[in-house]
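Student: pasting the sequence and the predicted model now:
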Amino acid sequence: MRTIVRAGTVSILVMAFTAAWGAGDAAAPAVIWSDPGSARRDLFYGPGGKADQPHGPFTFEKEDLDGTNPKFVVRDADGVKWKVKLGLEARPETVATRLVWAVGYYATEDYFLRDMKVKGMPVKLHRGQKLVEPGGVVHNVRLKREPKDEKKLGNWAWDHDVFTGSREWNGLRVMMAVMNNWDLKDVNNAIYQIDSKRIFLVSDLGATFGTAGRSWPRQRSKDNLYTYSQSKFIRRTTAQMVDFATPARPKWVFLVNPKEYLSRVHLEHLGKNVPRADARWIGQLLSRLSSAQIHDAFRAGGYSPEEIAAFSRILQARIAALTDL
């Protein structure tokens, strides 16, 4: 069966719980991580593999107005629905899904296309119209698979879920810091019902590979090699704990929008007080990846050879810092 979220296949971490997270079987086991095993994973095609990649031609279905980034839904030649994301988050999100999946966390089936033509594109979209060329042509887009056989139950909260405090929960926090994912609002986390399990994952990984926190101008905060290279990774260590720099406090300029500022300022604690052993554990899982695999993850996001080499060096330096803890 095809799935929108995939992890490993060995030694699945399962925690039974009875709290009513949305619809479905309230007693279904909850799963956040699976042992990725020793098999070499294909980080170019990612969780969906080569077989599940989208095939054109594509036909417009509807616009998606959730979130802040321009998105719309298309149907491909095989009848599969895909959510298309335009803008700054398309490239980094494609890479990020592959990296979290590589160490055993669940991830959506994402693919990146440099060029895409969509039949039936509306004359005007509510968002992202300037990114659409005549004839329904768009560039640098992320496609997320939307299969029929999986049900989204709702969202989960970082501080109030069945996994809070576990090694796997701490490891996921470390992964967010590794990639500088500062947008850790609970609305970006999802729960899916798949067979008899409830799968917990971070469903929006677009605010990655830029600054450690929301910044201005927007172009610096995501998919920015310079700001990613200049950002601090580990802020402080003690004998037992590690504090990461991501997610950082929003820049003062966002005080002009108090609601936006307050929605993020409390997220800073998610990068703090991570047990050294749990951070080292993630570093050891990441250290299994070869340079070729890491390069493949960035290559899947449409990066140039020069960008691939530079981003990979930074990532590998961060992995080394974790294994040295």
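Tutor: Thanks, I have the structure now.

Student: for residue 183, what are its contacts?
Tutor: 204, 206-207, 214, 247 (C-beta atoms under 8 Å, 6 or more residues apart in numbering). The way it works is simple: take the backbone N, C-alpha and C, and place the C-beta from them, glycine included.

Student: just to be sure, it is in a strand?
Tutor: No - read with DSSP: H, G, I helix; E, B strand; the rest coil, residue 183 is coil and lies in no strand.

Student: got the end-to-end distance for stretch 190-203?
Tutor: 6 Å (C-alpha to C-alpha, to the nearest Å).

Student: show the average pLDDT along it.
Tutor: Stretch 190-203 comes out with an average pLDDT of 92.

Student: likewise for stretch 243-258?
Tutor: pLDDT averaged over stretch 243-258 equals 75, rounded to a whole number.

Student: possible to save the contacts of residue 183 as CSV with neighbour count, distance to residue 28 and secondary structure?
Tutor: As requested, these are arranged in CSV below (neighbours: other C-beta atoms under 10 Å; distance: C-beta to C-beta, whole Å; DSSP: H, G, I helix; E, B strand; the rest coil):
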residue, neighbour count, distance to residue 28, secondary structure
204, 24, 23, coil
206, 24, 29, coil
207, 29, 30, coil
214, 24, 35, coil
247, 28, 30, coil
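
Student: wait, which of the residues you listed is closest to residue 198?
Tutor: Nearest to residue 198, judged by C-beta to C-beta, of those is residue 204 at 18.5 Å.

Student: against residue 223, how distant is the closest residue to that closest one other than its chain neighbours?
Tutor: For residue 204, ignoring the flanking residues on the chain, the nearest one in space by C-beta to C-beta, 6 or more residues apart in numbering is residue 188 at 3.9 Å. As defined by C-beta to C-beta, to the nearest Å, residue 188 lies at a distance of 17 Å from residue 223.

Student: which of these two has more residues huddled nearby?
Tutor: A count of neighbours by other C-beta atoms under 10 Å puts residue 223 above the other of residue 188 and residue 223, at 26 against 17.

Student: I'd like the distance between that one and residue 93.
Tutor: 9 Å.

Student: quick check: neighbours shared by the two?
Tutor: When contacts are counted by C-beta under 8 Å, 6+ apart, residue 223 and residue 93 have residue 208 as shared neighbours.

Student: what ranges do the strands span in the stretch 1-150 of the chain?
Tutor: In the stretch 1-150 of the chain, the segments counted as strands under DSSP state E, counting those that start in this stretch are 5-6, 10-15, 30-35, 58-64, 71-75, 81-85, 107-108, 110-119, 132-133, 137-146.

Student: partner residues bridging residue 31?
Tutor: The partner list for residue 31 in beta bridges (DSSP bridges) reads residue 14, residue 199.

Student: that one against residue 195, yeah?
Tutor: No - taking C-beta atoms under 8 Å as the contact criterion, residue 31 and residue 195 are not neighbours in contact, 10.5 Å apart.

Student: between those two, which is the more surrounded one?
Tutor: Of the pair residue 31 and residue 195, residue 31 is the one with more neighbours under other C-beta under 10 Å, namely 22 against 10.

Student: measure the more buried one to residue 170 for me?
Tutor: For residue 31, the distance to residue 170 equals 17 Å [C-beta to C-beta].

Student: one more: residue 307?
Tutor: Applying C-beta to C-beta, the value for residue 307 to residue 170 is 30 Å.

Student: same question, residue 130
Tutor: In this structure, residue 130 and residue 170 are separated by 41 Å, where distance is defined by C-beta to C-beta.

Student: the more surrounded of those two?
Tutor: It is residue 170, of residue 130 and residue 170, that has more neighbours when counted by other C-beta under 10 Å, with 21 against 9.

Student: which ones are touching that one?
Tutor: Counting by C-beta under 8 Å, 6+ apart, residue 170 touches 274-275, 278-279.

Student: state which helix of this protein is the longest.
Tutor: In the chain, assigned by DSSP state H, the helix with the most residues is helix 305-323.

Student: ok, and what's touching that helix?
Tutor: By C-beta under 8 Å, 6+ apart, helix 305-323 touches 95, 174, 178, 209, 225, 228-229, 233-234, 279-280, 282-284, 286-287, 289, 291, 294-295, 298-299, 303.

Student: tell me the pLDDT at residue 19?
Tutor: Value for residue 19, per-residue pLDDT: 37.

Student: quick one: low-confidence ranges for this protein?
Tutor: Low-confidence segments of the chain, defined by pLDDT under 70: 1-27, 251-264.

Student: give me phi/psi at the residue most central in space within it?
Tutor: Nearest residue to the geometric centre of the chain (C-alpha atoms, centre = their mean): residue 205, 2.7 Å. Taking degrees, to the nearest 10, you get phi -120, psi 30 for the backbone angles of residue 205.

Student: next, count neighbours for the residue nearest to it when sequence neighbours are not counted.
Tutor: What sits nearest to residue 205 in space, not counting adjacent residues and going by C-beta to C-beta, 6+ apart, is residue 96, at 3.7 Å. Residues contacting residue 96 under the criterion other C-beta under 10 Å number 28.
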